[in-house]
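Novice: Structure for the following, please:
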Amino acid sequence: MSNRRDERAVRYALEQLDDGFSFESFAQGFLAAVLGHEFFPAGKIRDRGIDGFDHALCKGIDERNIYQVSIQQDAQSKLTDSLTKLVDNGVVFTSLTLVTSRTFADKDRAEEAAADQFEKRVRIYDAAWFAVQINANENAARVYERYVDQNLHAFAQPGHSYALVDQVNDPRLFVFLRQQVDHGPASQDLQKTLADTLILYALRDSAPEDGKRLSRAQILGEIAKLVGFTPKLLEATIDRRLKKLAEKRERRVNHHTVDDTYCLPYETRQKVADLNLEDNALHQNFREQTEEMLKKHLKAESVTVRDALVLLENAIGRLFYELGLELSQFLLGEEGEQPPEKNLLEMVTKVVSDSNVVTKNRARVARALHATIRDLIYTGSTEQCEYLQRLSRTYMMLFMLKCDPKIASFFSGMASRLRVYVDTSILIPALSEHFLHAPQRRYAGLLRGARDKGVNLRINDTILDELVAHFVRIKRRYAEEFEPDEELYLGDEIMSLYVDEILIRAYFYAKRRGEVTNFPQYLENFVSPDLTHARDELMTLLTEDFGIEYVNRTAAGTGVALDDIEKLYDKLKRHKSDDQKARNDANLVLMVYRERELNAEAGQNHAFGYATWWLSTDRRTQRAVNTTFGQRYTAGCYMRPEFLNSYISLAPSPVAVDSAFKEIFPSFAGVNISAQLPRGTIEHTRQLLKEHKGKSLGRRHAILRRLADQIRTGDGAKLGPRLTLALDEELADIELGSKG
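Specialist: Model prediction:
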């Protein structure tokens, strides 16, 4: 084979699997590619009711040959347990092949020992076997390449972590993206509800008479402790709600303006305390009732285990992590709702395998946990049902706020693939924020956040030359229009806020606050004031401060037809500030389309959609492309900054989501922050789950690609609040005050 795969890398990739159904799908295709006519899809053996055999397949010419597919960490125990169950349940078979994503130690000896004990033929296809077959069989290699491309995504973080994401078969991504397009992201009411709950929780121990008051930073710190990460997406909402809750009409929070701290008034503290007592009682009742239930099942298995309740809580947390959407819909649904289809025992077994339970007891402990969870879900007490429903509401709120493992993994994987050309309409505002406080640097934060999440931010000669030309223009305009009347602008703050050049306006802001003494000194923060080396200096600045890469690529370099550039330029020049800007934008947007063609991005076999984009606040150019070229370019290449901000830069990372789930599911906090979701949200989610289930694999794939591209352009999707400059908001506040 021409492209030999590193066998260690293959084994590593397979061992990252934590989804048995995903591995089963891969294993079917892989075995068919390797074994050919000896292996073909057939039914499962669930009709015997054998627990743990959801992934056992009767395959091959002789149906007495059974292939057991497993991701269980303890592969030896899985082999023995599978053979025992088949024999005990009277299943007629001649051979068992264990197909495992793990590396099986001393495989040959294990095959011989199992064959002697059960008098059956036993084979083990482990991660090492897969690695060998991939380098020996072209068809098998293609199955593996397609699987990795769809599911295993490298995140550009220190050390390069990896995660498996079954984007197409798992319904969460489908439901989430449809919700973004159908209804926009989490409604403002939902964000307000969650923000209020978190604020009140953070201030629960505040007491003005004891001097216990919290600053904004301390409130965010308390929230981070609660959910396991800093919810950056909610910070703006939290700021707004802090102000609103402190207003006279609501007065649920007291704001001490002298030191800018917050605390709860007495009445609010009493209400919060009463609710906390109720939630604590629910939490304790659930734990006590569930512990008794678990003891009964452990006794039936003749096994004891230390900290059994903690182990059960870890298993419940795992279920919400793996099945959160489907499980929550089932628990919040009406009578007759179908339970999640995935194998609960498999997930519980993984929790036990990762625990300190001794190896010989793991299978029995897993069965006891599994039985307890089934009792909780299907026949739980009123308190147990209420507890699980409260957790489900909390999960649904977090899901709509992008705090879900599959959603976070998808957008992290997307970020690592994005190649984004950053327009001057983004770069200039980012530079203008130089003297603002960190929370006010929205454009700069957008770029740095995207860089940190692994997005490849780019500029080329067209963008760089336009940025240099901008500095030449503002230097000339300052000298001609503003320098003669500088004292007037400095003395009248409102007048300076109306300056149309963002960087000059930012200069007046900085000088008024004593950050700089003159315009050349201000320019020195970006380039040498004489602009002699502006091009090289700006390139270095953008690379070092924002992680933006310079690429020596233009429309001409990618082979864009000159006639196309002229057609688009002719359409744009009447709408742009000058002819050069029109030509630059025509060059840039057609280069992005051409680069997509050269990279064959339309045919790539994953749900991420296109990789190459143009980040800009300018929507007119995309509309001009559509009218000029019609159906030739059906997919947009213009990425809205609000998408990059909400879904990449500020969205929780997979690591942050993992931390949140460990803290919340299950816990008092998970119950305490739950709220009543609008019934329509639950019903809409249920309909989308049914829609996902009714679609074929290929159709799901196509829909996900379309939706992924759609939310980037904002086509039909509401991407949340428009990204604004803090100085623009200051002007708006002044104007609003003058009208009031």
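
Novice: residue furthest from the geometric center of this structure?
Specialist: Largest separation from the mean C-alpha position in the chain: Pro484, at 51.4 Å (Cα atoms, centre = their mean).

Novice: Can you tell me how far that residue is from Tyr478?
Specialist: Distance, Pro484 to Tyr478, using Cβ to Cβ, to the nearest Å: 10 Å. (Each C-beta comes from the backbone N, C-alpha and C, glycine too.)

Novice: Return the per-residue confidence for the most centrally placed residue in the chain.
Specialist: Nearest to the mean C-alpha position of the chain, counting by Cα atoms, centre = their mean, stands Ala408 at 1.7 Å. The predicted local confidence for Ala408 comes out at a pLDDT of 89.

Novice: do Lys248 as well
Specialist: According to the per-residue confidence, Lys248 scores 79 in pLDDT.

Novice: mind checking the SS state of it?
Specialist: coil (DSSP: H, G, I helix; E, B strand; the rest coil).

Novice: now the longest helix seen in the chain: mean pLDDT?
Specialist: In the chain, with assignment by DSSP state H, the single longest helix is helix 266-300. Mean pLDDT, helix 266-300: 91.

Novice: which helices and strands sit right next to that helix?
Specialist: Using 3 or more Cβ pairs under 8 Å, 6 or more residues apart in numbering; DSSP states H and E as the contact definition, the elements that helix 266-300 packs against are helix 308-332, helix 362-379, helix 382-400, helix 668-672.

Novice: residues in contact with the second one?
Specialist: For helix 362-379, the surrounding residues in contact (Cβ atoms under 8 Å, 6 or more residues apart in numbering) are 51, 74, 77, 81, 290, 293-294, 297-298, 300-303, 305, 308, 311-312, 315-316, 319, 330-331, 339, 344-345, 348-349, 351-353, 357, 384, 388.

Novice: would you list every one of the strands in the stretch 51-200 of the chain?
Specialist: Using DSSP state E, counting those that start in this stretch, the strands assigned to the stretch 51-200 of the chain run over residues 56-58, 65-70, 95-100, 121-125, 152-155, 161-164.

Novice: Over to the stretch 601-740 of the chain?
Specialist: Ranges of strands within the stretch 601-740 of the chain are 612-615, 638-639, based on DSSP E, counting those that start in this stretch.

Novice: quick one: which of these has the weakest pLDDT on average?
Specialist: For these, where the average pLDDT is lowest is strand 638-639, sitting at a mean of 92.

Novice: before we move on, back to that, can I get the helices and strands packed on helix 266-300 in JSON lines with mean pLDDT?
Specialist: Conversion of these to JSON lines gives the following (pLDDT from 0 to 100):
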{"stretch": "helix 308-332", "mean pLDDT": "93"}
{"stretch": "helix 362-379", "mean pLDDT": "93"}
{"stretch": "helix 382-400", "mean pLDDT": "92"}
{"stretch": "helix 668-672", "mean pLDDT": "86"}
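
Novice: quick one on the thing from earlier: ok, the residue nearest to the centre of the chain touching Ile648?
Specialist: No - look at Ala408 against Ile648 with Cβ atoms under 8 Å: they stay out of range, at 10.8 Å.

Novice: Any stretches of the stretch 601-740 of the chain with poor pLDDT?
Specialist: Segments of the stretch 601-740 of the chain classed as low confidence (criterion: pLDDT under 70) are 675-679, 716-721, 729-740.
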